[in-house]
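> Sequence first, then the predicted structure:
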Amino acid sequence: MADHYLLLKSLHILGAMLFVGNIMVTALWKLMADRSRAAGIIAYAQRMVTVTDFAFTSVGAGLLVATGWTMGQSQGGVTEVYWIRMGWYLFLASVLLWGLVLIPVQVMQAQMARRFQLGGAIPERYWGLARIWYVFGAVAVALPLANLYFMVFKPTTG
């Protein structure tokens, strides 16, 4: 096995660790912050959701795309082999959920949090957005976990 492939595979696993690890940890500490109902804690957690998504989730996603695409090409492309195709589609679905739903919700919540962190009331709109974030976030976590199945077991057909 070529050293080039092993380097790509190592970077791919690192990307998966950053991507999946951060989304799971972020979901837990955001949930705990929201459960506190303390404006300062929630505001800090919202800031950190943004920081860690940029620092870890996006870096992990970038590594997954670059290494997955490159390694997939050695198999004829990412859509040619069933387990790679399924992994690619599950990953894209997760990224779309983050980009179209979760990040916009996080941005709105962070803007609200900057206003209420110094003692203002937490608006009901924040809690409505939190419910959206938790529902879509659960799906966005489940998709990469399902992806792990395809990457590890490599089924040949559906």
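On my side now, so go ahead. Numbering: from 1, shown residues only.
> Find the residue at the geometric middle of the protein.
residue 23 (4.5 Å; Cα atoms, centre = their mean).
> what's near enough to touch that residue?
Going by Cβ atoms under 8 Å, 6 or more residues apart in numbering, residue 23 touches 57, 137, 140-141, 144. Quick note: C-beta positions are derived from backbone N, CA and C, even for glycine.
> Inside strands: which ones of these?
Applying DSSP state E to the contacts of residue 23, no entry is found in strands.
> Could you export those to a markdown table, including columns for neighbour count?
Formatted as a markdown table, those follow (neighbours: other Cβ atoms under 10 Å):
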| residue | neighbour count |
| --- | --- |
| 57 | 22 |
| 137 | 23 |
| 140 | 20 |
| 141 | 17 |
| 144 | 23 |
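> Helices - which of those residues land there?
Among these, the ones falling in helices (DSSP state H) are 137, 140-141, 144.
> Closest one of the residues you listed to residue 123?
Checking the ones in helices among the contacts of residue 23 against residue 123 with Cβ to Cβ, the nearest one is residue 137 at 20.1 Å.
> Go ahead and confirm the closest one touches residue 102.
Yes: contact criterion Cβ atoms under 8 Å: residue 137 and residue 102 qualify, at 6.0 Å.
> Residue 63: neighbour count?
Neighbours of residue 63 under the rule other Cβ atoms under 10 Å: 20.
> List the buried residues for the longest helix seen in the chain?
When the chain is parsed with DSSP H, its longest helix is helix 3-36. For helix 3-36, burial by neighbour count (16 or more other Cβ atoms under 10 Å) applies to 8, 11-12, 15-16, 18-20, 22-23, 26-27, 30, 33-34.
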